[in-house]
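K.L.:
here are the coordinates; sequence isn't available:
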């Protein structure tokens, strides 16, 4: 059972990493980047974190 839980943690970390890659790509290239650059996205996310 311990081996299975380690694999699940690995998939979770991989999923989080992939999500951050997608966000970075969207906010540094293309139409979304023109409207909301990555730096502004990070600042807004941090602000919302502080409010929570």
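P.N.:
The structure has been received and is ready for your questions. Just so it is clear, the model here is predicted, and its values are computed rather than measured. Numbering: from 1, shown residues only.
K.L.:
Low-confidence stretches in this protein?
P.N.:
1-11, 13-14 (pLDDT under 70).
K.L.:
switch to 50 and redo it
P.N.:
1, 4 (pLDDT under 50).
K.L.:
Work out which residue lies at the spatial centre of it.
P.N.:
residue 20 (2.9 Å; Cα atoms, centre = their mean).
K.L.:
Determine the next helix or strand in the C-terminal direction from the host helix or strand of that residue.
P.N.:
Element membership of residue 20 [criterion: DSSP states H and E] is helix 2-28. Using DSSP H and E, the helix or strand that directly follows helix 2-28 along the chain is helix 30-35.
K.L.:
So which residues make contact with that following helix?
P.N.:
Helix 30-35 is contacted by residues 26-27 when judged by Cβ atoms under 8 Å, 6 or more residues apart in numbering. Placement of C-beta: from N, CA and C, glycine included.
K.L.:
who are the neighbours of the helix or strand following that helix, in terms of helices and strands?
P.N.:
Downstream of helix 30-35, the next assigned helix or strand under DSSP H and E is helix 38-51. Counting by 3 or more Cβ pairs under 8 Å, 6 or more residues apart in numbering; DSSP states H and E, the packing neighbours recorded for helix 38-51 are helix 2-28.
K.L.:
what's near enough to touch the nearest residue to residue 27 once chain neighbours are set aside?
P.N.:
In space, residue 27 comes closest to residue 38 once its chain neighbours are excluded; the distance is 3.9 Å by Cβ to Cβ, 6 or more residues apart in numbering. Residues near residue 38 by Cβ under 8 Å, 6+ apart: 23-24, 27-28.
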